[in-house]
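>>> Using only what follows, build the 3D model:
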Amino acid sequence: MKNLIILALIIQSFTAFSQKSAKMYPEVKKDSVIYYADNVEIYPISITFSGQPELENLRIPGQFKMIQVLPPQSTKNKVAVFMVNDNKKGWKIKKMPNYYTLAGDATIKSYDADYKYDLPFQKGKSFTVHQGYNGIFSHQNENSLDFTMPEGTEITATREGKVIDAVQTNNSGCPSINCANQANYITILHSDGTIAQYFHLKQNGVKVKIGDIVKKGDVIGLSGNTGWTNGPHLHFVCYLPDPTGPKQRKTIKTLFRTGDGSKTEYLSEKKTYQKEY
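As a prediction, this is how the structure comes out:
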């Protein structure tokens, strides 16, 4: 009975600290406790533990991994195994580390840094990068880009990928961080594990559905002025999930095809870019 009570407390701890859709559950046998996790999402989820378990009369075969990745739409992923040392004695999990989850694979260390992204608007258009990488308004220590553009401008996918998240119900914004959670956006997962986000879309301005596979150049939404914003624009950011980084992600610089598409460059603040391809 004592061991069952301890087990119940462990289950409650997992539930309280979960941030994404990952179901964690134990399987108790005579000489072991195994924790499994299910991921119902269409994208990988990374579980990050805050430390190592503290055990009594239990051992961990191999190694307890601090970061573990659950494949998309997968069940019964083994995340922890505890073996009883002496079956004649009671056992106890004295402390199980807290954990949180992130969308994407947080174990990825390298990505396609040479990939050539398309500008996120239609052919024949030109827009100015109002705020660039490490901008002073809201991009401190972040590799993000803000394109000044009128509301309702068609936004195109900079790279092919899978739509894994989208919000389009908001209709307000302000030049304060207090409005940050009011932005409409689209999130797209790329083949190398990087994730792109397109922010500040107008209400009902999302033109794709979660689960859609989009091609580079497809129209995915309409620009707007929702969330933390001081004027109509598109905020574009590409990142890898990173439990150790600011905002639990590592934002990355992306090369863009500019002009007629023959030139590739990192975009600079206050410069205007034309798309002729």
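>>> what stretches of the chain score poorly on pLDDT?
1-21, 135-140 (pLDDT under 70).
>>> Helices of that one, start to end?
Secondary structure of the chain by DSSP state H: the helices cover 2-17.
>>> what's around the residue nearest to residue 34 when sequence neighbours are not counted, how many residues?
Nearest residue to residue 34, sequence neighbours excluded (CB to CB, 6 or more residues apart in numbering): residue 27, at 4.8 Å. In short, each C-beta sits where N, CA and C put it, glycine included. Close neighbours of residue 27, defined as other CB atoms under 10 Å, add up to 12.
>>> who's in contact with residue 27?
Going by CB atoms under 8 Å, 6 or more residues apart in numbering, residue 27 touches 33-36.
>>> From the residues you listed, list the buried ones, please.
33-35 (16 or more other CB atoms under 10 Å).
>>> Closest one of those residues to residue 234?
Closest approach to residue 234 among these (CB to CB): residue 35, at 41.9 Å.
>>> Who are the contact partners of that closest one?
Contact partners of residue 35, counting by CB under 8 Å, 6+ apart, are 24-27, 78-81.
>>> Can you add distance to residue 249 and give those back as JSON lines?
Listed next are the contacts of residue 35 as JSON lines, based on distance: CB to CB, whole Å:
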{"residue": "24", "distance to residue 249": "23"}
{"residue": "25", "distance to residue 249": "28"}
{"residue": "26", "distance to residue 249": "30"}
{"residue": "27", "distance to residue 249": "33"}
{"residue": "78", "distance to residue 249": "27"}
{"residue": "79", "distance to residue 249": "22"}
{"residue": "80", "distance to residue 249": "25"}
{"residue": "81", "distance to residue 249": "30"}
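>>> any idea which residue of the protein is furthest from its center?
Going by CA atoms, centre = their mean, the residue of the chain most distant from its centre is residue 88, 45.9 Å out.
>>> re earlier: with respect to residue 257, which of the contacts of residue 27 is nearest?
residue 36 (44.8 Å).
>>> what about the closest residue to that closest one other than its chain neighbours, distance to residue 249?
Leaving out its chain neighbours, the residue that sits closest to residue 36 by CB to CB, 6+ apart is residue 76, at 4.7 Å. Per CB to CB, to the nearest Å, residue 76 is found 28 Å from residue 249.
>>> and if you look at residue 180?
The span separating residue 180 from residue 249 equals 15 Å under the rule CB to CB.
>>> re the thing from before, for residue 76 and residue 249, work out which one has more neighbours and name it.
Shown here are residue 76 and residue 249; by other CB under 10 Å, residue 249 has more neighbours (21 against 10).
>>> isn't that one right up against residue 243?
No: the pair residue 249 / residue 243 is not scored as a contact, 9.1 Å apart, by CB atoms under 8 Å.
>>> list residues touching both of those two?
Each of residue 102 lies in contact with both residue 249 and residue 243 under the rule CB under 8 Å, 6+ apart.
>>> And stretch 26-34, end to end?
6 Å (CA to CA, to the nearest Å).
>>> same question but for stretch 224-231, I mixed them up
End-to-end for stretch 224-231, by CA to CA: 9 Å.
>>> Show me where the stretch 101-250 of the chain has its strands.
Under the criterion DSSP state E, counting those that start in this stretch, the stretch 101-250 of the chain contains strands at 116-118, 126-131, 144-148, 154-156, 161-167, 173-174, 184-189, 195-206, 213-214, 219-223, 227-228, 233-241, 249-251.
>>> Relative to residue 272, tell me which of these wins on proximity.
Per CB to CB, nearest to residue 272 of the strands of the stretch 101-250 of the chain: strand 126-131, 4.5 Å.
>>> Distance from that closest one to the middle of the chain?
Taking CA atoms, centre = their mean, to the nearest Å, one finds the center of strand 126-131 at 25 Å from the center of the full chain.
>>> Let me know whether residue 123 touches residue 276 as I believe.
Yes: when contacts are counted by CB under 8 Å, residue 123 is listed as touching residue 276 (6.6 Å).
>>> Thanks a lot, catch you later.
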